[in-house]
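> how does the following fold in three dimensions:
(chains A and B)
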Number of protein chains: 2
Amino acid sequence: MTDSTFVPSRRSLLGGSLAAVAAAGLDGLSRTALAQAASASAPAAAPAAKPLPAFAAWKDGSVMIVHGANALETRRGALGSSVITPADRLYVRNNLPAPDAAILADRDAWVVQVDGVKNPRALTVKELKGMGLETVAMVLQCSGNGRGMFPSKPSGSPWQVGAAGCVLWSGVPVRAVVEALGGPLSGLKYMTGTGGEKLPEGVDPRTLMVERSVPLEAMGDALLAWELNGAPIPLAHGGPLRLIVPGYTGVNNIKYIKRLAFTAEQSEAAIQQHGYRMTALGQKSTNADPSVWEMGVKSWINGPLPDSGALAAGPCVIHGVAFGGLHAVKRVEVSVDDGKTWQEAKLVGPDLGRYAWRQFALAVKLPAGMHTLLSRAEDSKGNRQPELRVENAHGYGNTSWRDHGVKVVVA
Amino acid sequence: MTDSTFVPSRRSLLGGSLAAVAAAGLDGLSRTALAQAASASAPAAAPAAKPLPAFAAWKDGSVMIVHGANALETRRGALGSSVITPADRLYVRNNLPAPDAAILADRDAWVVQVDGVKNPRALTVKELKGMGLETVAMVLQCSGNGRGMFPSKPSGSPWQVGAAGCVLWSGVPVRAVVEALGGPLSGLKYMTGTGGEKLPEGVDPRTLMVERSVPLEAMGDALLAWELNGAPIPLAHGGPLRLIVPGYTGVNNIKYIKRLAFTAEQSEAAIQQHGYRMTALGQKSTNADPSVWEMGVKSWINGPLPDSGALAAGPCVIHGVAFGGLHAVKRVEVSVDDGKTWQEAKLVGPDLGRYAWRQFALAVKLPAGMHTLLSRAEDSKGNRQPELRVENAHGYGNTSWRDHGVKVVVA
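Okay, here's the model as predicted:
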């Protein structure tokens, strides 16, 4: 399997609403309409409908936007309202082509080397499974989610809202592993994970390797996970073993993890030293720029959307998702008049913990006309979702409530 | 699409662990091994590996036991440890062949007639979406789950533990719909749902129709749902619209619901009058027998299992699921010595509310030898999972902790 091989998705013929689309003979038409609607706030960026890459061919192709062989986004209207994002709708972003699927042949045999502890050693997944079990629900979000809303058009995938999902991971707490290996060495400041992607020969590994360091305190709720949403982690999402760092952006959650080290310094890999930094517009990134680590408070509306069909005047439920990164969401306000007035929305559905998103809902009556719907969230520490994005060279960390608004027309 | 058409699942080639199986060329072998292991507590009942029926061809075929075209069970080892059961691993039980997939062509246009309220009327899904939004996590479990453990071998699918899953449903609260229609008429005692399956001509509909009544108080947390686990409900699970009655067995959660009525009497359909009753062994069912409604307190172990591979002596995490039907689970105890002694397990992972199951985990050290692992749960009202099943003619309601034990061998 190579990452540049595209195959059509069988799901596009058989799965759920897809069966309906196939039955109605609307496949091409509806994909185009969805693609247009999903990028309604940036119509010029409507992506061409590319097929799914082979390693993600099991995804529901009708709801994914294919930016590239290693960059798949979930359409805004497909994020649903049931808290959890199913694996076949979850975005994919790999910095390198995924390893060969043969690494899943014997998942329990996968080995991770643990260093920076009193008794460093290699552990198999089978051994990890005997050391503890925990499940965490968390928002997995690409550092560049919302990049497509930057007028500066930074390079990289022009994600709208769908480089994010809320998912459940099961595995062993990193704490339990560290304790079993005698505890951490003293004076270490970072938890560093190294991905198992295959690197080309003859190249300095530091230029390409996926190795990221996060502050040591992120270890607290971190997992070495083998399960995603109740099933073994698919290759596209980092199986057989992924480092999960709740509250931190996607890149910090190392796929195919082959080494977990507690270190005094941050990784020397380019992806750490220069990549994923909040760099001023027009500047080159250096390791003096802040690293992209914790996520900020954010919310957005998933319905109604411009593609929800013609809205009739009358009762309407505005709904969406809100999360606080490291802290639970406390409240969400919604505006139906472009931010002039705000009403508090209700948080609905089960609370899956502070790293998960909450759904919000507000029943309104919308009169005929065009309406700009906005949402803004506040976390349990009083941090508020900002009105404006922080401009930066690579389009990271867009939490602007202004950017995330949607315009709907009521007939 | 007819329910008797079987097609091979593409998932068996591409999905998650399946990719590994395909890569290793072990497909046939591993299916046989899994089938044997999954029925380790009743080895004689190992089902032949049949392909998935067409309307469920999108399921992960490697983890489903196909009892028949309308009866698919999840293998015990595939229920996972992440609280939620993904749709492609969720069991299927239909009492009639599913309607044609064309009913999904325009989901928002599906109509349900609501009766037994002050202002009875037909409502489209689109209208329902304007009336409210709620999400509930709940255990969906076939009334006959565990039937395969009855020595009396009642007719019907010989389910082990996998005619159950924990899933999220989104939709409008039935309460909100009733309020919008002026409230319920007085003196009514039941909530009655009618399925939209197509019935053959010239037959008294009452003999075949899927129409079930539940006590009126079940309305409290009931939903008219259009979403399962974050995606539109697939045909196999009742889309475009399903009545969700949390805490009640699967059959009471009416698929393709076309009528929701508040009634003075229970439905006259055979499935209500004679079907799904707790009837004494050797007797014919009558409507004097108790109806199969609320679920009882239950738990079982999902790992380690006889098919977890050779267990090495030493640390091991025993894990499983526990639920209380209408009430939250309070605690779970585990025995590793066939019930002689018990230890309290830890409840792990997020709490999704009283209708969901909780995962439990207990770290133990198992010495070499054969071990019988058991679990038993207690709910917040003090109801305890019983040691023994209640014998009955049709094999309903098996909550016996004795029956649900597993035997593992440690080398």
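> near chain B, which residues of the stretch 51-200 of chain A show up?
A:57-58, A:60, A:78-89, A:101-102, A:104-108, A:126, A:129-137, A:168-170 (CB under 8 Å from any CB of the partner chain). C-beta here means a position set from N, CA and C on the backbone, and glycine is covered the same way.
> what's the neighbour count on residue A:388?
Using other CB atoms under 10 Å in any protein chain shown, residue A:388 is surrounded by 11 other residues.
> correction: the previous question concerned residue A:275.
17.
> repeat for residue A:285
Here the number of neighbours of residue A:285 (other CB under 10 Å) works out to 18.
> that one touches residue A:279, doesn't it?
Yes: between residue A:285 and residue A:279 there is a contact under CB atoms under 8 Å: 4.3 Å.
> shared neighbours, those two?
Among the neighbours of residue A:285, those also in contact with residue A:279 (CB atoms under 8 Å, 6 or more residues apart in numbering or on different chains) are A:393-394.
> so the closest residue to residue A:220 other than its chain neighbours, which state does it fall into?
Nearest non-adjacent residue to residue A:220, counting by CB to CB, 6 or more residues apart in numbering or on different chains: residue A:175, 7.1 Å away. Assigned with DSSP: H, G, I helix; E, B strand; the rest coil, residue A:175 falls in the helix class.
> do you know how far residue A:175 is from residue A:211?
Noted for residue A:175: a distance of 21 Å to residue A:211, by CB to CB, to the nearest Å.
> compare those two (neighbour count), which wins?
More crowded of residue A:175 and residue A:211, by other CB under 10 Å: residue A:211, with 22 against 17.
> domains for chain A, by residue range?
Taking automatic domain parsing as the reference, chain A has its domains at A:1-294, A:298-410.
> chain center to the first one, what's the gap?
Here domain A:1-294 is found 7 Å from its chain centre; the criterion is CA atoms, centre = their mean, to the nearest Å.
> repeat for the last one
In terms of CA atoms, centre = their mean, the gap separating the centre of domain A:298-410 from the centre of its chain is 18 Å.
> just checking, the residue nearest to residue A:220 touches residue A:218?
No: the criterion here is CB under 8 Å, and residue A:175 misses it with residue A:218 at 11.4 Å.
> what kind of secondary structure is residue A:127 in?
Residue A:127 - assigned by three-state DSSP - is helix.
> any idea of the pLDDT on the residue in the stretch 301-411 of chain A that chain B sits nearest to?
Chain B sits closest to residue A:349 of the stretch 301-411 of chain A, with a gap of 3.2 Å, by CB to the nearest CB. Looking at residue A:349, its pLDDT reads 97.
> tell me what the nearest residue to it once chain neighbours are set aside is bridged to.
Excluding its sequence neighbours, the residue lying closest to residue A:349 (CB to CB, 6+ apart) is residue B:135, at 3.2 Å. In this entry, residue B:135 is beta-bridged to residue B:170, by DSSP bridges.
> how much space between residue B:135 and residue A:271?
Residue B:135 sits 37 Å away from residue A:271, going by CB to CB.
> do the same with residue A:380
Using CB to CB, residue A:380 is found at 32 Å from residue A:271.
> of these two, which one has the most company?
Taking neighbours as other CB under 10 Å, residue A:380 and residue A:271 compare with residue A:271 leading, 19 against 13.
> contact partners of the helix or strand hosting the more buried one?
Using DSSP states H and E, residue A:271 maps to helix A:270-273. In this structure, residues lying in contact with helix A:270-273 by CB under 8 Å, 6+ apart are A:95, A:206-213, A:251, A:266-267, A:286-287, A:291.
> quick check on these: which are buried?
With burial judged by 16 or more other CB atoms under 10 Å in any protein chain shown, the buried subset of those is A:95, A:208-213, A:251, A:266-267, A:291.
> of the residues of the stretch 51-200 of chain A next to chain B, select the buried ones using a PyMOL command.
Command for PyMOL that selects the buried part of those, burial taken from 16+ other CB under 10 Å:
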select buried, chain A and resi 57+58+60+78+79+80+81+82+83+84+85+86+87+88+89+101+104+105+107+126+129+130+131+132+133+134+135+136+137+168+169+170
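> which of the residues of the stretch 51-200 of chain A next to chain B fall in helices?
Judged by DSSP state H, the subset of these located in helices is A:126, A:129.
> among the residues of the stretch 51-200 of chain A next to chain B, which ones are in strands?
Judged by DSSP state E, those include A:134-137, A:168-170 as members of strands.
> I'd like the residues you listed written out as CSV, with distance to residue A:385 added.
Below are those laid out as CSV (distance: CB to CB, whole Å):
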residue, distance to residue A:385
A:134, 29
A:135, 27
A:136, 23
A:137, 20
A:168, 24
A:169, 25
A:170, 30
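> what segments of the stretch 1-150 of chain A are strands?
For the stretch 1-150 of chain A, the strands defined by DSSP state E, counting those that start in this stretch cover A:64-68, A:71-74, A:92-93, A:111-115, A:121-124, A:134-141.
> okay if I get the ones you listed as JSON lines plus mean pLDDT and distance to residue B:370?
Below are these laid out as JSON lines (pLDDT from 0 to 100; distance: least, CB to CB, whole Å):
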{"stretch": "strand A:64-68", "mean pLDDT": "97", "distance to residue B:370": "48"}
{"stretch": "strand A:71-74", "mean pLDDT": "98", "distance to residue B:370": "47"}
{"stretch": "strand A:92-93", "mean pLDDT": "98", "distance to residue B:370": "44"}
{"stretch": "strand A:111-115", "mean pLDDT": "98", "distance to residue B:370": "30"}
{"stretch": "strand A:121-124", "mean pLDDT": "98", "distance to residue B:370": "24"}
{"stretch": "strand A:134-141", "mean pLDDT": "98", "distance to residue B:370": "29"}
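> adding distance to residue B:222, write those strands out as TSV.
Compiled in TSV, those are given as follows (distance: least, CB to CB, whole Å):
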stretch	distance to residue B:222
strand A:64-68	33
strand A:71-74	29
strand A:92-93	36
strand A:111-115	46
strand A:121-124	46
strand A:134-141	25
